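1. Let's see this in three dimensions:
(one chain, ligands or ions: 2)
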Amino acid sequence: MSTASTYHYPKQFKLESGKKIRNLQIAYQTYGQLNANKDNVIWVCHALTANADVFEWWEGLFGENALFNPEDHYIICANVLGSNYGTTNPLSTNSVTGLPYYLSFPQFTIRDFVSAHQLLANHLGIDSIKLLIGGSLGGQQAVEWGIIEPSRIENLILVATNAVHSPWGIAFNESQRLAITTDRTFYANRPDGGSKGLKTARSIALLSYRTYNAYGNTQVESVNDKTDHFRASSYQNYQGEKLINRFNAYSYYYLSKAMDSHNVGRNRKSIAEALKLITANTLVIGIENDFLFPLSEQKYLADHIKDAQFAAIHSAYGHDGFLIETNALTNIIGTFIKESRNRKIIKLQHTA
Ligand SMILES: CC(=O)SCCNC(=O)CCNC(=O)[C@H](O)C(C)(C)COP(=O)(O)OP(=O)(O)OC[C@H]1O[C@@H](n2cnc3c(N)ncnc32)[C@H](O)[C@@H]1OP(=O)(O)O
Ligand SMILES: N[C@@H](CCO)C(=O)O
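-> Numbers count the residues shown, from 1 in each chain. Ligands and ions are numbered 1, 2, ... in the order given. Presented below is the predicted three-dimensional model:
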């Protein structure tokens with residue numbers, strides 16, 4: 001039911017910076033079939049360390065029996081530029097030198113994710129995306145795509161994301177990069193370079209993805225006599241190890257820089273004017289207790305995107321709630337889709 005593929009772009013891929021990448025390849029996964037009217041495409045933009053297998057990491061919202069299922073929809077999720085799940089990234093071979101790029105990989109932005117995925121959409125013959133959805137870094141990509149190419153996006157769902165990455169978010173990312181670069185193996189040009197630093201970076205990042213209460217709920221001690229070896233400590237270590245077993249420090253470093261670059265106002269009139277370019281029917285969802293992407297950021301998006309709707313989800317998890325609270329997401333998004341259909345019927349009746 002799902003197909004994993006890789007698209008090879010035959011020309012040089014030009015980045016926002018003007019630099020070029022040869023042999024761009026984009027790993028992507030599709031589920032279901034494109035219908036005859038080509039109007040059932042759901043395109044998913046993934047977050048920082050996820051991959052193209054959306055049925056794996058957004059299970060509950062996506063799946064055989066979920067709201068977004070392969071029976072009704074043609075679901076596409078592509079791995080972003082720089083990530084190590086099959087798309088060209090710092091560990092890929094630079095065809096000029098015949099060696100992996102490592103830190104010679106050019107810096108890229110969220111807009112470069114969009115340019116790459118536009119090429120993939122062209123290749124797949126997708127002129128119209130029925131619904132574009134993304135959370136966190138994926139939401140940053142989705143909002144940019146809505147601005148860059150409004151004609152291709154019919155409905156847009158932005159989850160736990162923002163219009164410009166905040167000083168707070170950049171400071172968290174910089175702290176993580178400091179952890180990575182303090183590990184001198186990062187400069188050794190080997191695939192596992194900087195992995196101890198990456199472990200620390202994940203530990204720092206988790207503090208921004210979760211909350212005081214989430215740790216209180218899951219990591220509280222059952223005994224009062226401990227002076228060391230606390231559960232919360234072992235949890236941080238475990239999560240760091242888990243990440244370094246599936247990710248590399250170079251991709252992480254570059255992706256966090258791309259996140260920092262996010263500003264829909266860059267080289268445009270302003271952030272507010274840029275958001276006005278979105279014509280998609282838009283729903284913005286925030287997570288209560290998200291202190292990395294606080295609700296004020298989603299309210300800003302909803303206030304500046306024409307006719308956008310806004311909803312907040314309660315989650316003890318904070319930011320990571322966007323990956324976990326799939327029942328609440330299903331209810332809110334399901335209602336939005338039904339109302340959109342009704343609005344379309346009313347609009348058609350008025351124009352008839
Ligand atoms: C193969 C792949 O590529 S998988 C890629 C999937 N990941 C992504 O796509 C990125 C997006 N996903 C995420 O960020 C996360 O998976 C989330 C937010 C959805 C959920 O986070 P999780 O780490 O799964 O959940 P949670 O924070 O509850 O931690 C549970 C894990 O910590 C372990 N754990 C819990 N408490 C402790 C502790 N005190 N000490 C050690 N380990 C602990 C659990 O045993 C569990 O381990 P497991 O993941 O091996 O089953
Ligand atoms: N937990 C997410 C990052 C938060 O958006 C991930 O690892 O992709």
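2. Not including adjacent chain positions, what is the nearest residue to the closest residue to ligand 2 within the stretch 101-250 of the chain?
-> Nearest to ligand 2, among the residues of the stretch 101-250 of the chain, is Ser136, at 3.2 Å (CB to the nearest ligand atom). Quick note: C-beta positions are derived from backbone N, CA and C, even for glycine. The shortest distance from Ser136 to any non-neighbouring residue, by CB to CB, 6 or more residues apart in numbering, is to Ala47 (4.1 Å).
3. so which helix or strand takes in the one you found?
-> Using DSSP states H and E, Ala47 sits in no helix or strand.
4. and what of the one 4 residues further on?
-> Here Asn51, judged by DSSP H and E, is contained in no helix and no strand.
5. ok, back up a step: please list all residues in contact with the residue nearest to Ser136.
-> Contacts for Ala47 (CB atoms under 8 Å, 6 or more residues apart in numbering) come out as Gly134, Gly135, Ser136, Leu137, Gly138, Phe322, Leu323.
6. List just the nearest of the residues you listed to Asn267.
-> Leu137 (20.5 Å; CB to CB).
7. Near ligand 2, which residues of the protein? Just list them.
-> Residues of the chain lying close to ligand 2 by CB under 6 Å from any ligand atom are Ala47, Leu48, Thr49, Ala50, Ser136, Tyr209, His319, Asp320.
8. I'd like those residues laid out as a markdown table, including pLDDT.
-> As requested, the residues of the chain next to ligand 2 are arranged in a markdown table below (pLDDT from 0 to 100):
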| residue | pLDDT |
| --- | --- |
| Ala47 | 98 |
| Leu48 | 98 |
| Thr49 | 98 |
| Ala50 | 98 |
| Ser136 | 98 |
| Tyr209 | 98 |
| His319 | 98 |
| Asp320 | 97 |
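9. ok, so of those residues, who is nearest Ile244?
-> Among those, Thr49 lies closest to Ile244 (CB to CB), at 10.9 Å.
10. number of nearby residues for that closest one?
-> 18 (other CB atoms under 10 Å).
11. and it, how far is that from Arg190?
-> 20 Å (CB to CB, to the nearest Å).
12. Show me what the helix or strand that Leu283 is a member of pairs with in its sheet, parallel or antiparallel.
-> Under DSSP H and E, the secondary-structure element containing Leu283 is strand 281-287. Strands that pair with strand 281-287, judged by DSSP bridges, come out as strand 153-159 (parallel), strand 309-313 (parallel).
13. CA atoms only for the last one, dumped as PDB, please.
-> Presented in PDB, the C-alpha positions along strand 309-313 are these (Å, rounded to 0.1, in the frame of the first residue of the first chain):
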ATOM      1  CA  GLN A 309      -9.300  29.400  11.500                       C
ATOM      2  CA  PHE A 310      -7.500  28.800  14.800                       C
ATOM      3  CA  ALA A 311      -7.700  26.000  17.300                       C
ATOM      4  CA  ALA A 312      -5.700  25.000  20.400                       C
ATOM      5  CA  ILE A 313      -5.200  21.500  21.700                       C
END
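14. correct me, but Asn94 touches Leu103?
-> No: look at Asn94 against Leu103 with CB atoms under 8 Å: they stay out of range, at 11.5 Å.
15. Please identify which of those two sits among more neighbours.
-> Neighbours were counted for Asn94 and for Leu103 using other CB under 10 Å; Asn94 has more, 17 against 12.
16. Distance of the more buried one relative to Ala249?
-> Counting by CB to CB - Asn94 and Ala249 are separated by 18 Å.
17. Can you list the neighbours in contact with stretch 167-185?
-> By CB under 8 Å, 6+ apart, stretch 167-185 touches 162, 186, 192-198, 200-202, 204-205, 208, 249, 252-253, 256-257, 259-260, 292-293.
18. mind giving me the domain ranges of the chain?
-> As assigned by automatic domain parsing, the chain contains the domains 2-165+263-351, 169-258.
19. Tell me which of those is the most buried.
-> domain 2-165+263-351 (a mean of 19; mean count of other CB atoms under 10 Å).
20. chain center to that one: distance?
-> Mean-position distance between domain 2-165+263-351 and its chain equals 7 Å (CA atoms, centre = their mean, to the nearest Å).
21. can you tell if that domain touches ligand 1?
-> Yes: Domain 2-165+263-351 lies within reach of ligand 1 by CB under 6 Å from any ligand atom, at Thr49, Ala50, Asn51, Trp57, Asp320, Leu323, Ile324.
22. Spit out the contact partners of the residue lying closest to the fourth one once chain neighbours are set aside.
-> In space, not counting the residues next to it along the chain, Trp57 is nearest to Ala50; the distance is 4.7 Å by CB to CB, 6+ apart. In this structure, Ala50 makes contact with Trp57, Tyr85, Gly138, judged by CB under 8 Å, 6+ apart.
23. hey, where'd the helices end up in the stretch 251-352 of the chain?
-> With helices called from DSSP state H, counting those that start in this stretch, the stretch 251-352 of the chain shows them at 271-276, 295-304, 321-324, 326-351.
24. any idea of the mean pLDDT for the third one?
-> The reference is to helix 321-324. Helix 321-324 carries an average pLDDT of 98.
25. residues in contact with it?
-> The contact list for helix 321-324 (CB under 8 Å, 6+ apart) reads 47, 57-58, 135-136, 159-160, 285, 287, 289-290, 313, 315, 317, 329.
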